[in-house]
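**Q** Turn this into a model:
(chains A and B)
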Number of protein chains: 2
Amino acid sequence: MKRRSILKIALTSALIAALSVPVIATAETAKPVIQGLPMAERTVPVPVGVSPELAELIGSRQVETLGEVPATTDEWLALQSAFDAASIEGVERLLEMTGATFTTEDIAGVTTYRVTPSEIAPRWADTVFVHVHGGAFVFNGGKAAMTEAIWLANGLGVEVISVDYRRPPLHAFPAATDDVIAVWNEVIEQYDPNQIAMFGTSAGGNLTLSTVLQLRDMGAPLPGAIMAGTPAVDLAHASDSWKTMEGLDPLGSRDGVIEGTFEVYSDGLDLEDPRLSPVYGDLDGFPATVLLTGTRDLLLSDTVRMHRALRTADVEADLHVYDGQSHGDYMSGLFVDAPETQDALRELNTFFDLHLE
Amino acid sequence: MKRRSILKIALTSALIAALSVPVIATAETAKPVIQGLPMAERTVPVPVGVSPELAELIGSRQVETLGEVPATTDEWLALQSAFDAASIEGVERLLEMTGATFTTEDIAGVTTYRVTPSEIAPRWADTVFVHVHGGAFVFNGGKAAMTEAIWLANGLGVEVISVDYRRPPLHAFPAATDDVIAVWNEVIEQYDPNQIAMFGTSAGGNLTLSTVLQLRDMGAPLPGAIMAGTPAVDLAHASDSWKTMEGLDPLGSRDGVIEGTFEVYSDGLDLEDPRLSPVYGDLDGFPATVLLTGTRDLLLSDTVRMHRALRTADVEADLHVYDGQSHGDYMSGLFVDAPETQDALRELNTFFDLHLE
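**A** Reported below is the predicted structural model:
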């Protein structure tokens, strides 16, 4: 046995750092700050920690390069229309599958959809939840707003009011949250705010958090609990997982269309404004918040940063991270009947049951 | 504006999947299951979501290739000695920094270290916590066991008994958990088990979970709460983040020395045995569990899988994921006084305060 080669292994600073005395090894091996760490090219197999249903879904995925950023208002509108149309087909299929129904209601001058599940749970018979749809601030308007509302309404047995807020390119911030706030103020004239959950995914998570931030600043009644699913909480800076998970998440990349949506949404306002990037907000007094994400989510870092910010502000905040899941995958499992999707609904029901009056 | 190119963007299945109707798009674009997804080479900048102290630590990191797997018992012993010696230096420095002291105690024939912090918090004056050290099952024996015990003892103001359990290559499973169980059974003759937390990181998280699993099966009293920090819970299969985070985490890689430690520890036993891989266990009746990890942790997937398994078994289980942190980094910040390390201690104190009698 070569004593020297063993010592060479033994003193490998990385292994010592990780296994033995990270704090000491760090002090001893401190080097000048470098720009970043290299990640080598690799092929990542289907995760072992997911259900067979989700494994099939993930295994059949290809992550494509996205197209060009629209350069004009007309180009944005055309892209928006195409997306909305595709999403509305999905909504129609989802309504058929679940037996949920909806009515269109004007609330405070804003179009909303009231989604009624096939069966209402006794626990939620006297309330309604408020849904703020996702779609990078720009997409999923009109009836397309309802996808997540139908999922949660049917999964929990609760009526949901989904807000079809105004969107870029025609309406930049604060039109969207102004609309949600207007709807909220009218809804709480009929329902006890402490019994209402507000929820949304992706940009919808951002808008939910931003709405609550603004309501709190106004001294208005807040929802009893909120869900922020894989929320975009930092429009100013790309959180780590935007880089580390690129290639694994069908959302593709922050560069390009996504950055473009942040631009048309913020319309020149400072992107670190907490109403645009809630992770920079003073979160004092926030209601109990549940956050969902996955280990392959481009917004994993955004989500865990928001969780930490809430916990630092002493907010009751629960985090659920699904292995191998990309952006919004807790919903994607719906059509393949993935147990992870049922699990997410169970967690949400438990959380809202605990925190809503 | 070219209508066709816009439609091409609009119908990009990946973007639709992520932003609009993931469930529908999936059904429409289902392809035969493939082996995996390609991740392109990249340089990942220092995460924006970490404190300046941690940014400096991460920015100065280099992830090195580890050495060869020891081929003989003698080679393992030499590697073990070298590691232990390096870790003991760290322990001595840590004792000096914190003012914590320790006494060596034989409990049920097992060497243990009772760590006493410079100041005991009134809340924890009548109890003691039990620590199971990490180090890939093989490393950090002798006084090296104490690193995390000192960190937590001093951070919370609680006395900690750290178990210097028997290790491979001389002692394979179940020697380690036999030792922890023997110590536990004697400790609870003097202290109320409902007031005791058991905790460990990495292999120590695994051993904590495995010990509780075996205690539960024996019908023995369980700790009132446990912490499993970035635990290795699946020795049989490499969870997703072992692949996705390779290159960013100073732990290096599962291939090589780490896999080797699993082999000498399990010594031919089925690696899916829940006492080796607790994620496969029946977790019914587990005490409240808090789990810590980071988004750059090779064991991120192991940790979130364990969290889900516990939640599925209706166990009260809290998950905290630190952005940009690698394996065990919630402790690494100690010497650079990173606020994240204080935050982790605050969460642990809150959790144990809530769940211990």
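**Q** ok, A:Pro221 - contacts?
**A** Residues near A:Pro221 by Cβ atoms under 8 Å, 6 or more residues apart in numbering or on different chains: A:Ile188, A:Pro193, A:Asn194, A:Leu215. C-beta: built from backbone N, CA, C; applies to glycine.
**Q** Cross those against helices and list the overlap.
**A** A:Leu215 (DSSP state H).
**Q** Of the contacts of A:Pro221, which pair is most distant in space?
**A** A:Asn194 and A:Leu215 (13.4 Å; Cβ to Cβ).
**Q** out of the two, which sits in the busier spot?
**A** Higher neighbour count among A:Asn194 and A:Leu215: A:Leu215, with 22 against 16, using other Cβ atoms under 10 Å in any protein chain shown.
**Q** Is it correct that the more buried one is in contact with A:Leu209?
**A** No - with contacts counted by Cβ atoms under 8 Å, A:Leu215 stays clear of A:Leu209, the gap being 10.8 Å.
**Q** mind listing the strands in the stretch 151-300 of chain A by residue range?
**A** Applying DSSP state E, counting those that start in this stretch to the stretch 151-300 of chain A gives strands spanning A:160-163, A:197-201, A:225-229, A:288-294.
**Q** Could you pull up phi and psi at the closest residue to A:Glu340 other than its chain neighbours?
**A** What sits nearest to A:Glu340 in space, not counting adjacent residues and going by Cβ to Cβ, 6 or more residues apart in numbering or on different chains, is A:Gly333, at 5.2 Å. Note on A:Gly333: backbone dihedrals following degrees, to the nearest 10 are phi -70, psi -10.
**Q** Could you check how many residues crowd around A:Gly333?
**A** 25.
**Q** What of A:Glu259?
**A** 14.
**Q** Look up how far chain B lies from it.
**A** 13 Å (Cβ to the nearest Cβ, to the nearest Å).
**Q** For that residue, list the residues it contacts.
**A** Contacts of A:Glu259 (Cβ under 8 Å, 6+ apart): A:Val69.
**Q** quick revisit: figure out which of the strands of the stretch 151-300 of chain A is closest to chain B.
**A** strand A:288-294 (8.5 Å; Cβ to the nearest Cβ).
**Q** And the closest one, what does it pack against?
**A** Judged by 3 or more Cβ pairs under 8 Å, 6 or more residues apart in numbering or on different chains; DSSP states H and E, strand A:288-294 is in contact with strand A:225-229, helix A:300-312, strand A:317-322, helix A:329-332, helix A:339-355.
**Q** TSV for those, including mean pLDDT?
**A** Listed next are those as TSV, based on pLDDT from 0 to 100:
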stretch	mean pLDDT
strand A:225-229	98
helix A:300-312	98
strand A:317-322	98
helix A:329-332	92
helix A:339-355	97
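**Q** Those: which one's closest to B:Val233?
**A** Closest among the helices and strands packed on strand A:288-294, using Cβ to Cβ: strand A:317-322, at 14.3 Å.
**Q** Okay, now the sheet partners of that closest one, with direction.
**A** In the sheet, strand A:317-322 lines up against strand A:288-294 (parallel) (DSSP bridges).
**Q** can you give me the angle the strand it pairs with makes with helix A:339-355?
**A** Angle, strand A:288-294 to helix A:339-355, by axes from the mean of the first three to the mean of the last three Cα atoms, to 10 degrees: 170 degrees.
**Q** Based on its surroundings, how many neighbours for the spatially closest residue to A:Thr244 that is not a sequence neighbour?
**A** Computed as Cβ to Cβ, 6+ apart, the closest residue to A:Thr244 that is not its neighbour in sequence is B:Val44, at 5.8 Å. If you count neighbours by other Cβ under 10 Å, B:Val44 ends up with 21.
**Q** B:Val44 should be in a strand, yeah?
**A** Yes - counting by DSSP: H, G, I helix; E, B strand; the rest coil, B:Val44 is located in a strand.
**Q** how close does it sit to B:Glu119?
**A** 40 Å (Cβ to Cβ, to the nearest Å).
**Q** got it, and A:Ala338?
**A** 50 Å.
**Q** Between the two, which is the more surrounded one?
**A** Legend: neighbour count by other Cβ under 10 Å for A:Ala338 and B:Glu119, higher for A:Ala338 (25 against 9).
**Q** so that one touches A:Ser51, yeah?
**A** Yes - A:Ala338 lies in contact with A:Ser51 (Cβ under 8 Å); the separation is 5.4 Å.
**Q** what residues are up against the residue nearest to A:Glu340?
**A** With contact set as Cβ under 8 Å, 6+ apart, A:Gly333 has these partners: A:Ser51, A:Glu53, A:Leu54, A:Leu57, A:Pro339, A:Glu340, A:Thr341, B:Val23.
**Q** if you set the cut-off to 7 Å instead, what comes out?
**A** For A:Gly333, the contact set (Cβ atoms under 7 Å, 6 or more residues apart in numbering or on different chains) comprises A:Glu53, A:Leu54, A:Leu57, A:Glu340, A:Thr341.
**Q** Present these as a markdown table; the columns should include neighbour count and distance to A:Ala288.
**A** Output for those, formatted as a markdown table (neighbours: other Cβ atoms under 10 Å in any protein chain shown; distance: Cβ to Cβ, whole Å):
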| residue | neighbour count | distance to A:Ala288 |
| --- | --- | --- |
| A:Glu53 | 16 | 30 |
| A:Leu54 | 25 | 28 |
| A:Leu57 | 27 | 31 |
| A:Glu340 | 24 | 23 |
| A:Thr341 | 24 | 22 |
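**Q** quick check, nearest of those to B:Val158?
**A** Nearest member of the contacts of A:Gly333 to B:Val158, counting by Cβ to Cβ, is A:Glu340, at 37.0 Å.
**Q** Once you drop chain neighbours, what's closest to A:Trp242?
**A** Per Cβ to Cβ, 6+ apart, closest to A:Trp242 is A:Arg254, 4.5 Å.
**Q** pLDDT score for that neighbour?
**A** Listed pLDDT for A:Arg254 reads 95.
**Q** for it, what are its contacts?
**A** Here A:Arg254 is in contact with A:Ala238, A:Trp242, A:Leu298 (Cβ under 7 Å, 6+ apart).
**Q** Could you give the backbone dihedrals for the first one?
**A** Backbone torsions for A:Ala238, taken as degrees, to the nearest 10, come to phi -80, psi 110.
**Q** Output the strands of the stretch 151-300 of chain A as TSV; include the columns mean neighbour count.
**A** TSV is the format used below for the strands of the stretch 151-300 of chain A (neighbours: other Cβ atoms under 10 Å in any protein chain shown):
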stretch	mean neighbour count
strand A:160-163	28
strand A:197-201	28
strand A:225-229	29
strand A:288-294	27
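**Q** How much space separates A:Gln35 from chain B?
**A** For A:Gln35 relative to chain B (Cβ to the nearest Cβ), the value is 6 Å.
**Q** any idea how far B:His320 is from that residue?
**A** Relative to B:His320, and taking Cβ to Cβ, A:Gln35 is found at 28 Å.
**Q** Any stretches of chain A with poor pLDDT?
**A** Applying pLDDT under 70 to chain A flags the ranges A:1-34, A:66.
**Q** Go ahead and flag the most central residue of it.
**A** A:Thr230 (2.6 Å; Cα atoms, centre = their mean).
**Q** was I right about it contacting A:Gly200?
**A** No - with contact defined as Cβ atoms under 7 Å, A:Thr230 does not count as touching A:Gly200 (10.1 Å).
**Q** before we move on, back to that, any chance of CSV for the strands of the stretch 151-300 of chain A, columns distance to B:Asp178?
**A** Shown next, in CSV, are the strands of the stretch 151-300 of chain A (distance: least, Cβ to Cβ, whole Å):
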stretch, distance to B:Asp178
strand A:160-163, 53
strand A:197-201, 47
strand A:225-229, 44
strand A:288-294, 37
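**Q** just to revisit the earlier point, okay, A:Gln35 and B:His320: which has more neighbours?
**A** A direct count of neighbours by other Cβ under 10 Å for A:Gln35 and B:His320 places B:His320 higher, at 23 against 9.
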